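Participant: sharing a model prediction with you, sequence too.
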Amino acid sequence: MMIDAPVPKPDGRQSQTAAAIQRGVLRFLAAHGQAGLPEVSLASGRRADVLALDAKGALSIIEIKSSVTDFRTDAKWPEYRPFCDRLLFAVGVDFPLELLPDDVGILVADAFGAELIRAAPEHPLAAATRKALTLRFARAAAGRLAGLYDPDLRPAQEW
């Protein structure tokens, strides 16, 4: 299991476009009663762009694609499906939606919000996987919040 930093710092890999889409996605999630947590490490070693938790405990992964090139060169997204009830892509307003797979949800976003273009099909998680992911979400979120209160915080164990 990887340790999430208390508050992830930009690593230079995320473009301004991706950061704007992320902001809009987080605003969309909050407006729809979901908690969104960016950059969450999964048990597979992959990192979800945004992991969202709704009031019923359903987990969604939102994969941000900032450009057509980003989409075409990143083939890891199918590996996220076993870690969520719903998988969505979030793209900018100029992204050609016809390039996206039919079996994922679609959000179109900018820095101010997002619009759900297509709902994601549901693939219910096994109970044990849901519990593990929910705990990972809660521990990462709590660790990041604690890091805001104490920027020098160094956890004695993994979040």
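Facilitator: Yep, that arrived.

Participant: got any ranges where the protein has weak pLDDT?
Facilitator: Regions of the chain meeting the criterion pLDDT under 70 cover residues 1-13, 156-159.

Participant: how about the residue nearest the centre of the chain: what's its closest non-neighbour residue?
Facilitator: By C-alpha atoms, centre = their mean, the chain has its centre lying nearest to Val50, at 1.1 Å. Excluding its sequence neighbours, the residue lying closest to Val50 (C-beta to C-beta, 6 or more residues apart in numbering) is Ile62, at 4.1 Å. In short, each C-beta sits where N, CA and C put it, glycine included.

Participant: other SSEs contacting the strand or helix carrying that neighbour?
Facilitator: Ile62 is part of strand 59-65 when elements are defined by DSSP states H and E. Applying 3 or more C-beta pairs under 8 Å, 6 or more residues apart in numbering; DSSP states H and E, one finds that strand 59-65 makes contact with helix 16-31, strand 47-53, strand 86-91, helix 127-149.

Participant: with distance to Leu37 as extra columns, can I get those in CSV?
Facilitator: Formatted as CSV, the helices and strands packed on strand 59-65 follow (distance: least, C-beta to C-beta, whole Å):
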stretch, distance to Leu37
helix 16-31, 9
strand 47-53, 5
strand 86-91, 14
helix 127-149, 5
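
Participant: winner for burial among these?
Facilitator: Highest mean neighbour count among these (mean count of other C-beta atoms under 10 Å): strand 86-91, with a mean of 24.

Participant: tell me what that strand is packed against?
Facilitator: helix 16-31, strand 59-65, strand 105-110.

Participant: quick check: which of those is nearest to Asp85?
Facilitator: strand 59-65 (5.4 Å; C-beta to C-beta).
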